[in-house]
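Chemist: Show me how the following folds:
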Amino acid sequence: MAVVILIITLALVFDFYNGMNDAANSIATIVSTRVLTPLQAVAWAAFFNFIAAFTFGVSVATTIGKGIVDVNIVDNFVIFSGIVGAIILTASATHFGLPISVSHAIIGGYGGAALIKGGLEAIIISGYTTIVIFIFLAPMIGMFMAYFFSIGTLWIVKDKEPRKVDKYFRKLQLVSAGLYSLSHGSNDAQKTIGIITVVLFTNKMLGETFYIPFWVIILSHTFIALGTFLGGWKVIKTLGMRVTKLTPFGGFSAETAAGLTIIGATLGGVPVSTTHTITGSIIGVGSVKGFSAVRWGVAKNIVWAWVLTIPLSAIFAMLTYLLVTYVVNNLL
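Modeler: Residues are numbered from 1 along each chain as shown. Below is the predicted model of the structure:
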């Protein structure tokens, strides 16, 4: 029982860091456009992160729980090592201001720990194939949706006075930021929900049938909301102010396009990266002004962080698994 409590606690620490790193996703645009102050923005985002618990079901959590790793080889060592690997990478990235995919950190960590224990047979290839495809697909969808959404909206308001348009979109951005934060909570909190449910199932606390208890849903959404509320300010600065300069109109377009993309993925049970999606959307909005409006050097650094997230978190998890099993088997 003590081991289960320890692993669940670590999963909630990861969930908290998820919210802290991904606070940038939820509020960078609305802060950089000065529609809300940082404190108001994180409170707004945290609220929608939490109420996402009551909206889009748990299909993503089910995918994490039994769709990427064979549950028959999973034990407490695998789960513990996967979470530790993800926490190491996420905490480091948050400290250095890199908006990584926290979702892919836990997916990489969990898969890495399973791989070192059971080999390739432990991995459900089809599950990982979908995730890898969406590493590239989600930001592209977000970028193109934001680009065409921006062009269409600009056409609608082309005869309006710029000052009135700006005032109008400052109000609309509250709606789009709420939509994005709702989509973020609905997809990202479910990664932790899936991991905690695997812990309970592995330790025979759910019986013979894999299902997700409601208290796990509420607990996970609470911790991701707390992490969002405290915020990851270095990441917010990178994503909201360094990739491209945003106006309220641009922020509205980016948040709406990214939010709709993520909600679609959530309903399909696909654990996408909210970070990838909002970054792609911000680039799409910036591209409307011309490709020179996007700081491609910053974007390139972010993409490298994306590519390396799964393998690095997998390596950290593998090393953790080897260390923990060695200590338990030889020193305890």
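Chemist: And the helices in the stretch 201-332 of the chain?
Modeler: Per DSSP state H, counting those that start in this stretch, the stretch 201-332 of the chain carries helices over the ranges 214-230, 233-237, 248-267, 274-288, 296-326.
Chemist: most packed of those helices?
Modeler: When the helices of the stretch 201-332 of the chain are scored by mean count of other CB atoms under 10 Å, the highest mean neighbour count falls to helix 274-288 (a mean of 29). All C-beta atoms are positioned from the backbone trio N, CA, C, and that covers glycine.
Chemist: which secondary structure elements does it contact?
Modeler: If you count contacts as 3 or more CB pairs under 8 Å, 6 or more residues apart in numbering; DSSP states H and E, helix 274-288 packs onto helix 2-32, helix 102-118, helix 125-156, helix 162-202, helix 248-267, helix 296-326.
Chemist: Let me see the confidence value for Asp22.
Modeler: Asp22 carries a pLDDT score of 69 in this model.
Chemist: and what of Trp304?
Modeler: Listed pLDDT for Trp304 reads 73.
Chemist: That one: what's it in contact with?
Modeler: Trp304 makes no contacts at all, as judged by CB atoms under 8 Å, 6 or more residues apart in numbering.
Chemist: Please report the distance of it from Val199.
Modeler: Counting by CB to CB, to the nearest Å, the gap from Trp304 to Val199 is 32 Å.
Chemist: Off-centre distance for stretch 53-71?
Modeler: 14 Å (CA atoms, centre = their mean, to the nearest Å).
Chemist: any low-confidence regions in the protein?
Modeler: 21-26, 28-29, 32, 94, 97-99, 231-246, 289-302, 305, 332 (pLDDT under 70).
Chemist: coming back round to it: looking at the helices and strands packed on helix 274-288, which is nearest to Thr228?
Modeler: Nearest to Thr228 among those is helix 2-32; the distance by CB to CB comes to 4.0 Å.
Chemist: any idea which helix or strand comes after the closest one?
Modeler: Sequence-wise, the next helix or strand downstream of helix 2-32 (DSSP states H and E) is helix 38-51.
Chemist: okay, the angle between the helix or strand following that next one and helix 162-202?
Modeler: Using DSSP H and E, the helix or strand that follows helix 38-51 towards the C-terminus is helix 59-66. Between helix 59-66 and helix 162-202, the angle comes out at 30 degrees (axes from the mean of the first three to the mean of the last three CA atoms, to 10 degrees).
Chemist: what sits up against helix 59-66?
Modeler: With contact meaning CB under 8 Å, 6+ apart, helix 59-66 is reached by 71, 106-107, 110, 127, 186-187, 190-191, 193-195, 197-198, 201, 210, 212, 217, 266-271.
Chemist: Any quick PyMOL command for the buried ones out of those residues?
Modeler: To isolate the buried members of the contacts of helix 59-66 in PyMOL, using 16 or more other CB atoms under 10 Å:
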select buried, resi 106+107+110+127+186+187+190+191+193+194+195+197+198+201+212+217+266+269+270+271
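Chemist: Quick one: the helices of the stretch 201-332 of the chain as a markdown table, columns for distance to Val60 too.
Modeler: Below are those laid out as a markdown table (distance: least, CB to CB, whole Å):
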| stretch | distance to Val60 |
| --- | --- |
| helix 214-230 | 11 |
| helix 233-237 | 22 |
| helix 248-267 | 6 |
| helix 274-288 | 11 |
| helix 296-326 | 17 |
